[in-house]
Each structure stands twice: as C-alpha cells, then as structure tokens.
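Chemist: Sharing a model that was predicted from the sequence below.
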Amino acid sequence: MDSLQSLTAESFTYPQSYSFPPFFTLQPNLQTRLSQLRKWSRLIQRYCRHYHIFKLSLVSALDTSLFKNAELRKRLSLNDALQVVDWMTRDEGGRRAEWIDGGLDAKGGTAWVYWKRPEEWAEVIVGWVEETGQKSTVLTLYELINGEMTVGQGTVSRDWRPKSNAHGTLDFHGMDPDLFQRSLAVLVKRSKAQVFGSEDQQGVKFF
Amino acid sequence: MFLQPLDLTTALRPTLLPDEALLFVQDAVGLYEGKYKIPGLQNGHAYLTTHRVCYVDNMEPRKSSTAVELKSVDRYEFYAGFLKSSPKITLHPKAPKRASIQIRSHSTIPNPQRAAQSPSRSSTTSPVHRGASAFSNSGSGSNTPRSNTATWVCTICSFSNPVPANFDTATANSNTPLPACVTCGVKPSFPHVLKASIANAAGRQGSQSQSQAAVQPLLESHGQYRENSSIEYIEALWREESALPAKSRFQCPRCTFLNHPSLLACELCGAPLLTTESKAAEVLGERIGRPESPGPSLDSASLGIDHDMECVKFSFHAGGEKIFHERLKGAMVQRKWLLQNAPPVPDSSPGNAYSTAIPIDGDIGQPSVRARTVGIAGLERQGLELRRKNEAVIGSAFEDLDALMASAKEVVALAESFAKKSDEGSADANQLIAESAKALDMVTTKDMLGSSAGSESLYLSEMARNLAEYLTDDAKGILRKEGGIMSLVDLWAVFNRARGGVELISPMDFEKAARLWEKLRLPVRLRQFKNGLLVVQQADRTDDKTIAQLLSWLQELHTSSFIPEVGWGHEAFGRGVTAQEAAHRFGWSVGVASEELDMAEEKGALCREEGIEGLRFWENWIVDDESDDFDDDINVDPFFEIDQVMKNLEDMGIF
C-alpha cells in the first residue's frame, strides 16, 4: 500500500471540503451531518480507488492523509471515522462499505470499502470475459488476479479513460482475493460462472 | 363627548397622564350605553385610574378602547346584579350647560318613550336602569316649588302623613322639628321625611325618574345620605316607588288592583300580570340572548362625537364590582384631576430647599444636601425638620385661598398620609409600601386587584403587560442594553430590583406572567432554548433575523480580518467564531451567544469545528454539495432494497 501511495500520491486531488476545518468535526445537525457523511463517503471511495485500496483499517488509516489534514492540523477522530464508515455500511449510505470484523461495536475498525460493490465487480469481470473471449474456458483465480493478462485492463485505463465513460473499465488486477471470491459468488448465484477446486487451486468457468 | 378615545401603551394598557395613577383593574367587563349594550365593547378590561375609567377591549384593543373622564362624571350608581344580570356601575355624565333651559321644558312633559316602556314591563330592566336619565342635573329640588300635598309614609303604621308646610328641603336639617305620625304618634326620621318631600316634588313633574336624580345631590348636600351603603340606597329607591303616581302602576287585568310595576303576579288575586305575547317575547329573548347576557344591544354603532350619552354602564361579568365601586368612590372624592395643573408649593424657607418634605409621597425622595448628623441626634433632628416643614406647608396653605390652591397638591398628600396614619396600624405599613412601589411606576400589585375567583389570572396578565411595558420602555432601554435579548432570570432580578425591594414577585408568578406574552399579543416574547434557558426578546426579533445578523458578520470576516498562517481557503470559507466573540460583537451574554449559535447551527446556517482551541462556528459550507467535484462515478446515494428485488425478478425472467 505504501509503495502504491508513494507512486501516485501527487495525482490525488482532495476536494475543497478537505481544507474546511469543520469538515473534521462530525456535525450534530442532522441535515448538515448527512451532507458531511456524503462528502466523507465520496472522499474515502475516491481515495481508495485512487490508491487501489479494498480493505481499509481505520486505526492505521487515521494517520494517513485521508483522515488527517497536516496543513490544517486537523484530523478526524477515530470515533468519528468509525461513524462515517458505519454510515457507509448502512442502506442510507449506499452500502458502500462493510465491516469485516464485527463492525462498530467490535471496535476492530477494518472494513471493505466498496468503491465498487461485489455485484458491480461481477459486471466488470463478465465484461472483461466477454471482451477477451474467455467464455467457457477454465481460469484459475490466481491468474485472474495476479496474472499477466489482467494487468493492462485497469492501470492503463485510469490514465486515459474519459470521465464520462469511467464505469466498467476499472481493473480488478491485484484485487483482494476474498473480495474477488465474493464477486464470483454473485456470478455463481446468477449461474453465469462456476467455481471449483480446492483452497489454493481454485478455478472458475464463465458461461 | 362622554366616551373619550384612549391611548394605549405597547402592552395594551391605557397610557397614564402625568400624575395619574392606576387604582384598580378588572377583566371580563362589558360596556352599556343607557340600557343597551355597545356592540364590540363587551369583553375587556376596566382600568380605574385617579382620572379616568378606561375600557380596553380584549379582541380589538387598538380600535375599540375608550375612556370616561371622571371630571365629566356627574354621579355614579351601583347595581348589585340580579340573577343573570351582572352587577353594573353606571356613570352619569354632567349635563352640558347650554342645554339647561331646553331640558326644563323637556322634563315637564312626560317622556313618551319612557311611558311606552313602562307598561311593556320588560323583566330584565332593573329599578336602577329605569331611573337612568340623561339630564340628571336638571331637576334640582331646591328650585322647584314645594308642594303642599307632599306626604311621608310612616314606617310604623304605613299611614300617609302630610309633610308640614314649613318644611323646606333646601334649608331643613336634622334639627328641624318634625311632627309625629298622625295615627300612631311615632316621630319620623329626618331623612325619611326629606326623601318623601323631594320625591313628591319631583314626582309632580310627571316623571318619577327625576325624583331619584334629584334626591342624590340634595341628600349629599345634607350629609345624610351615605352613598356607600347600597342597601339604604335601594331602600330609598323602593320608598320612592311606593310613592309613585297611580298612573305608572300596573293594573291587574282581573281584579283591577294597582300593583307595583316590578311584580309579575297580582299582589291581591295572583293573576299573572304579563300578557301572553310579552311572555312569549321574553321566553324567546331568554333563549336567544341568555348565553351572552340578557340586555339588548345597540343595533347601530352610534358612538358619535356629538352624540349625547344617556349614561355609561360597566357591567362586571366576573365580579370585582364592589372593589371597583369602592375605589371609584375614593377617586371621585379625591378629585385628583383638579390638581393636575396645580403649581408646586412655594417653599417658605429657601435655605432648606431640598430638605425631606413629605416622606409619605414616594417621589419626593430627592437627594438631601443638609449637613449630616449621625446617631439618635440626627434622627431627632430629621424628625424635627420634617415636622417644621409640614407645619410650614399647612400654615402657608391656609393663609389665603390662592396659596391653598397653589399648594393643593401637597396638602392633599399630607391629608392622605394623616388619614392613613389615623387608621389602624396593621394595614398601614403595607399600604405605605404599596404606595412607594406605585411611585416607581411598578403599578401592578396584588393589592390592586380584587380577590374574586379570576384574580390570579388577572394578576398574571396585568403583570405580563406591566413587564412588557417595562421592557419596551425606551427611556430605560433594558432590552437594548442587553443586545435585544436577555435571560429571564436576569430580567427577574432587574425587575425586582426596580421595585425597590417591595412587592417582590415570586419566580413562579414571574414565569407564568412571561408565558402569557404570546397569548396577550404583547411586543415581547419568551423563548426557550433547547437546553431550557428562557430568554426574553422583542417579538419582532425572530430566529431568521438573528441568523441573518450572524451570517452577515461571518461574511465580513472573509475579508476584514486576515490571519496569515491559515491553511484553508480564507477567501472561500472565512473564519470560525467562538461564542465569546459573538457575545462581544452583539452585546449578548456568553450563554445567550452560544445558544444563538447553536440555534443557527440547528437551522443549518452554521456548522461547528471542535478543536483544542474550543468550539468554533463557521458558515455552513458542508451542505453546499456544489463545492465538491462530481467528476467521477463515485456513488454515495442511499441503497434501495427494491433494486435487489427488481433484479431478482429480472433474473427469474418475469421482466
């Protein structure tokens, strides 16, 4: 994560709110709070997409520039950050996150950040399979995530993709295996894929 | 001209003239002109002052409030009320001087209207009403030639004795020898004969109402008639009526016995005296009119300026009439309006110009410049000086009439204070204290309101008005000094201090009164912040105004005060403010300021920043969604379960 961050740190632009001091205090007014949560949600998703983060540990992320504005000397408190992510996991937050270790009460503070939800990833994978004519062939999970053939589809596109056509061209190369399995599970449920094999050597066949 | 227009204060109370003092307030009062209700003036407050009787309407206080000046009141009557007819106090105007001749001629012929009314026997009219006359002064008994046929009815044997021919109503007094009753030999009382004689003299003029009008001034002049004992008065009325000319009596249709006009059934044979149609009319009137009040009302608003009023009645729907009557009596005796233009008393001892003059009158407590002496000697000396001063005032006042007029004010004050001192001591101190409270303009005291059932609420509503006046008084500028808003506790303290430590208001009463402001539509309002703090504000000062004020200040900060080391877009966001800064800026107390900021935050106008420096408030840029870019496909919208269902349905091939 650190190496990725150092590579592309200069290219991430923070929103204007990021330099507004009250942004780092969770607002008591419900309407203001809703706007604030939406803005934080958008910021976290953009940040994670930019740095290709799928799993966010709040405790360690708290000192990164995501939650801490060094210039303002302001930081979102751990409690507030938990509130923000918890909001993202709920329906009104668009289910843009999911607690991995029991959520808010467990104080674990690690969550999936769904800048794409598994269903959306499933669409992306199906799109790629159709594009490359891989239907009905058996592929291993390892080669899908780490293999040479999926490298190009994301990293390149991020540089030249037109803003309007952003959807559906993002890469799943280097994706978290667990999340990838979740996405495949969606496809299996829709009977568009079949997963077989044992722990290490899992294969998948798309229909 | 009898009903005068009335100026009201901001708190919808009568504006008092200089020297005018409020004596009594009563709510639920209606106004009558003659026998008729005045439409639109049927539910209001009656304010009795030393100069006027004011009516302030509850519904339309600005439009239909009116006053009767006591100086134009000739006399007043008290009617105790009967069944559903409320107690009333009638004020008769003084007759205009120019009309006296015309009146004489008018009064000698029987009033056709009155003659027509009498047989109709409307059961709602009381004896007092019937006696009401516009020209009360006209038939002065001393001017009318005495009648030889005057009779007085013996109280023992009811025999009608002739009044002796040498009995002159104008000159006779209690020492005049009176002959005993012809049949039983018991001597009559002087007032009894006097009344009979006057009644007779007036009755000859064809209208029994004149008699009663004439009786009172005469009796008063003889000092025999005690107006405060209403029983005696009603008795007198009754006796007059027993001496009515036969014409105005009511003949029984069955046995032709001449009944007293107020009887409903024949005294002799028991036959009903009311005709069927008048009964029907009565029943009808009962059904329609009762929920309101039985009296008829004027059909047209004939309250013109040049309209000659017969008399004005104050009808007390909720009691309080007795005290009102008492105080009215007092005010009529004191005649304070006469003193309004009296010049101050010339001081006889110029070297002692500012010595303490009359301590009872509260507002003469001028700072004294005399030499200070301490201890008992000082007190003694003070007392001595005071006595000397009073002596001088009284002495110079009686030197000649001019001097008396000049020093009238102070003499009256002295006389009042002496009168009070001669009373029993217990109520004395209270009275004195109330007096000094009144001098401070804090006029509503519990003492001033009656002890009737509604007096608690009346007390509160009067205090609410009192408070509103106090707050909106420009001279004091209480609210302005506090930045247009102050906490109720502060106001309570200030108000009680202004009362000079007497007639203090309990916090509970105070809060209750403050809560009445909104109901009474007064120009101040009570506001509760969300943490429970109660504050007082001008009614027109709304939250929106406060927010606008705060925002414009924050706008100013965008450019005015530049802080060099800021890390945020100073031009875009301005700067955060603390409650202290806001308090300093607007002259609020810090508590109020933080509450106002909280309020603005709650309305979404501000947002907060918590930091190690404390709580700061900023313009709310967070709700402004446009400030962030929408360049990508990041989705933060709520997730709807319905999508999932639709998708499932789609997958199952239904769509």
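Modeler: Cool, the structure landed.
Chemist: CA only for contacts and neighbour counts going forward, please
Modeler: Fine.
Chemist: Distance from the chain centre to stretch A:183-198, please.
Modeler: Relative to its chain's centre, stretch A:183-198 lies at 21 Å (CA atoms, centre = their mean, to the nearest Å).
Chemist: Residue B:83: how many residues sit nearby?
Modeler: 7 (other CA atoms under 10 Å in any protein chain shown).
Chemist: oh, I was asking about residue B:487
Modeler: 20.
Chemist: list the contacts for it?
Modeler: Contact analysis of residue B:487 by CA atoms under 8 Å, 6 or more residues apart in numbering or on different chains lists B:533, B:534, B:535, B:536, B:592.
Chemist: in the sheet, who's paired with it?
Modeler: Using DSSP bridges, the beta-bridge partners of residue B:487 come out as residue B:535.
Chemist: so how far is residue B:316 from it?
Modeler: Going from residue B:487 to residue B:316 by CA to CA, to the nearest Å gives 38 Å.
Chemist: Just confirm residue B:42 is within a helix.
Modeler: No - according to DSSP: H, G, I helix; E, B strand; the rest coil, residue B:42 belongs to no helix; its state is coil.
Chemist: Tell me which helix or strand the closest residue to it other than its chain neighbours sits in.
Modeler: Spatial nearest neighbour of residue B:42, excluding adjacent residues (CA to CA, 6 or more residues apart in numbering or on different chains): residue B:30 at 3.9 Å. Using DSSP states H and E, residue B:30 maps to strand B:22-33.
Chemist: ok, now residue A:88?
Modeler: Counting by DSSP H and E, residue A:88 is part of helix A:78-89.
Chemist: and that helix, what other elements does it pack with?
Modeler: Contacts defined by 3 or more CA pairs under 8 Å, 6 or more residues apart in numbering or on different chains; DSSP states H and E place helix A:78-89 against helix A:30-50, helix A:58-61, strand A:97-99, helix A:103-106.
Chemist: And these, which one averages the lowest pLDDT?
Modeler: Among these, helix A:103-106 carries the lowest mean pLDDT, a mean of 61.
Chemist: Do a quick rundown of the strands in chain A.
Modeler: For chain A, applying DSSP state E gives strands covering A:55-57, A:68-69, A:74-75, A:97-99, A:110-113, A:138-140, A:193-197, A:202-206.
Chemist: re the thing from before, with neighbour count added, can I get the contacts of residue B:487 in JSON lines?
Modeler: Shown next, in JSON lines, are those (neighbours: other CA atoms under 10 Å in any protein chain shown):
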{"residue": "B:533", "neighbour count": "14"}
{"residue": "B:534", "neighbour count": "18"}
{"residue": "B:535", "neighbour count": "19"}
{"residue": "B:536", "neighbour count": "22"}
{"residue": "B:592", "neighbour count": "21"}
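Chemist: isn't residue A:57 right next to residue A:100, touching?
Modeler: No - with contact defined as CA atoms under 8 Å, residue A:57 does not count as touching residue A:100 (9.7 Å).
Chemist: what do those two both touch?
Modeler: With contacts defined as CA under 8 Å, 6+ apart, the residues shared by residue A:57 and residue A:100 are A:110, A:111.
Chemist: Quick check: the gap between whichever residue of the stretch 351-500 of chain B sits closest to chain A and residue B:9.
Modeler: As assessed by CA to the nearest CA, chain A sits closest to residue B:485 within the stretch 351-500 of chain B, at 24.1 Å. Relative to residue B:9, residue B:485 is positioned 21 Å away (CA to CA).
Chemist: So which of the two has more stuff around it?
Modeler: The neighbour comparison of residue B:485 against residue B:9 (other CA under 10 Å) goes to residue B:485, with 24 against 16.
Chemist: circling back to that earlier point, tell me the mean pLDDT over the helix holding residue A:88?
Modeler: What helix A:78-89 shows for mean pLDDT is 85.
Chemist: Walk me through the domains of chain B.
Modeler: B:3-103+B:290-334, B:123-259, B:343-439, B:446-538, B:543-627 (automatic domain parsing).
Chemist: what about residue B:477, how many neighbours?
Modeler: Neighbour count for residue B:477, taken as other CA under 10 Å: 13.
Chemist: doesn't residue B:471 make contact with it?
Modeler: Yes - counting by CA under 8 Å, residue B:471 is a contact partner of residue B:477 at 7.1 Å.
Chemist: List the contacts of residue B:622.
Modeler: Residue B:622 neighbours (CA under 8 Å, 6+ apart): A:17, A:23, A:32, A:35, A:36, B:607.
Chemist: Give me the secondary structure label for it.
Modeler: coil.
Chemist: Quick check, the residue in the stretch 401-550 of chain B closest to chain A?
Modeler: Closest approach of the stretch 401-550 of chain B to chain A (CA to the nearest CA) occurs at residue B:530, with a separation of 13.2 Å.
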